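Trainee: Below is the structure, and that's it, no one-letter string:
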């Protein structure tokens, strides 16, 4: 019986369990056994920490958020510490992992993760491991795929939160500033803000002018619209300003705090009562949308197909409504960002949304 492995690494997101279920069902139809390594790449150490995944264990998990295998973005395999910054996985860690996979007879390893986790998968591949990548990110910021599972669920969450915030904003005639995730890409803010009826959307790709933001709010005031919804991507930055960065103990940095900064400046410039809501991790938890369940299943099945074809070092990709593949090397370190002149941005402007520029 052929034996393959699968792991989920980095931040969790809706749709991971759909990938696991799809991969297990596709493998079982070929008569293969699947080992699920626990807590990401860390499961490859100490002789292997894993569970045998079969149809029974994966039944009913597609609608669950998170991952039944657990995950981590810390530990011995961190290969990316910031946008474009990477570090080598220690040789001793790679050799211990190699020994684990050899002992268990694993003939192919499916690595499900975002840019950082796929950077690790690429290093393992370069060291001779038979790896297959599956892109995962609520940020939708991987250039080599048109979309990633988890993104649609995050956008649905943002839209739902904005729907709820509209009522309190209108009741108190307030400006509500919602800070959303996305790191260096504004996809969640753009799509979520558009779907949730925001009047102002601030994204990293379009540096904003706080005076322009205030003017947009006062124009609404003059038109008799007493409340305003502002969506701020965590990586947004003002013109001639910088992103709000917070360095962690591991040397990595996190983005966040721009929403509060924007809210203070809005209150100062307009005199309007302003409140901030940081949506945070609520965007990456809970049940996946129908779209993410289907996409996750497609990705899991395709990953097994790539192992069957011997296309190691490749990553599953979604392009032109088809699930295909690209090399992992082609996929990592290339962020997919919102183009300021894109059709989506132009359409948002056409319905009166301001980007603060």
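Mentor: Sure thing, it's come through. These figures come from a predicted structure and were not determined experimentally. Residues are numbered from 1 along each chain as shown.

Trainee: And for the nearest residue to residue 179 once chain neighbours are set aside, the neighbour number?
Mentor: Using C-beta to C-beta, 6 or more residues apart in numbering and skipping the chain neighbours, the partner closest in space to residue 179 is residue 259 (2.9 Å). All C-beta spots, glycine's among them, are computed from the backbone N, C-alpha and C. Using other C-beta atoms under 10 Å, residue 259 has 24 neighbouring residues.

Trainee: go on, the one 3 residues further on?
Mentor: A count of neighbours around residue 262, defined by other C-beta under 10 Å, yields 25.

Trainee: List the contacts of it.
Mentor: The contact partners of residue 262, by C-beta atoms under 8 Å, 6 or more residues apart in numbering, come to 177, 202, 210, 213, 230, 232, 236.

Trainee: How about the secondary structure of the closest residue to the second one other than its chain neighbours?
Mentor: In space, residue 202 comes closest to residue 236 once its chain neighbours are excluded; the distance is 4.3 Å by C-beta to C-beta, 6+ apart. In the three-state summary, residue 236 is assigned as coil, counting by DSSP: H, G, I helix; E, B strand; the rest coil.

Trainee: and the next element down the chain from the longest helix along the chain?
Mentor: Longest helix of the chain, by residue count under DSSP state H: helix 151-172. Later in the chain than helix 151-172, the nearest helix or strand by DSSP states H and E is strand 175-180.

Trainee: for the one helix or strand residue 26 maps to, packing partners?
Mentor: Secondary structure from DSSP H and E places residue 26 in helix 16-29. Contact partners of helix 16-29 among helices and strands, from 3 or more C-beta pairs under 8 Å, 6 or more residues apart in numbering; DSSP states H and E: strand 3-8, strand 33-37, helix 55-58, strand 109-113, helix 290-309.

Trainee: Buried residues, it. List them.
Mentor: The neighbour-count check on helix 16-29 (16 or more other C-beta atoms under 10 Å) flags 16-28 as buried.

Trainee: and the residues you listed as CSV, adding pLDDT and distance to residue 96?
Mentor: Compiled in CSV, the buried residues of helix 16-29 are given as follows (pLDDT from 0 to 100; distance: C-beta to C-beta, whole Å):
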residue, pLDDT, distance to residue 96
16, 97, 25
17, 97, 28
18, 98, 31
19, 98, 26
20, 98, 24
21, 98, 29
22, 98, 29
23, 98, 24
24, 98, 26
25, 97, 31
26, 98, 29
27, 98, 25
28, 96, 29
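
Trainee: Looking at the residues you listed, which is nearest residue 116?
Mentor: Relative to residue 116, the closest of the buried residues of helix 16-29 is residue 16; by C-beta to C-beta it sits at 15.4 Å.

Trainee: Nearest residue to that closest one in space, ignoring adjacent ones along the chain?
Mentor: residue 67 is the one closest to residue 16 (C-beta to C-beta, 6+ apart), at 4.0 Å.

Trainee: how about the one you found, secondary structure?
Mentor: Looking at residue 67 with three-state DSSP, the answer is coil.

Trainee: how many neighbours does it have?
Mentor: Neighbours around residue 67, by other C-beta under 10 Å: 25.

Trainee: Hmm, it is touching residue 17, no?
Mentor: Yes. Using C-beta atoms under 8 Å, residue 67 makes contact with residue 17 at a distance of 6.1 Å.

Trainee: follow-up on the earlier one: list just the nearest of the contacts of residue 262 to residue 350.
Mentor: residue 202 (18.1 Å).

Trainee: Beta-bridge partners for the closest one, please?
Mentor: Per DSSP bridges, the residues bridged to residue 202 are residue 232.

Trainee: Just give the closest residue to residue 269, not the sequence neighbours.
Mentor: Per C-beta to C-beta, 6+ apart, closest to residue 269 is residue 214, 3.8 Å.

Trainee: Could you list the low-confidence segments of the protein?
Mentor: 79-86, 246-253 (pLDDT under 70).

Trainee: can I see the domain layout of it?
Mentor: 3-149+288-331, 153-285 (automatic domain parsing).

Trainee: Can you give me the first-to-last residue distance of the shortest one?
Mentor: In this case it means domain 153-285. Terminal residues of domain 153-285 lie 9 Å apart, using C-alpha to C-alpha, to the nearest Å.
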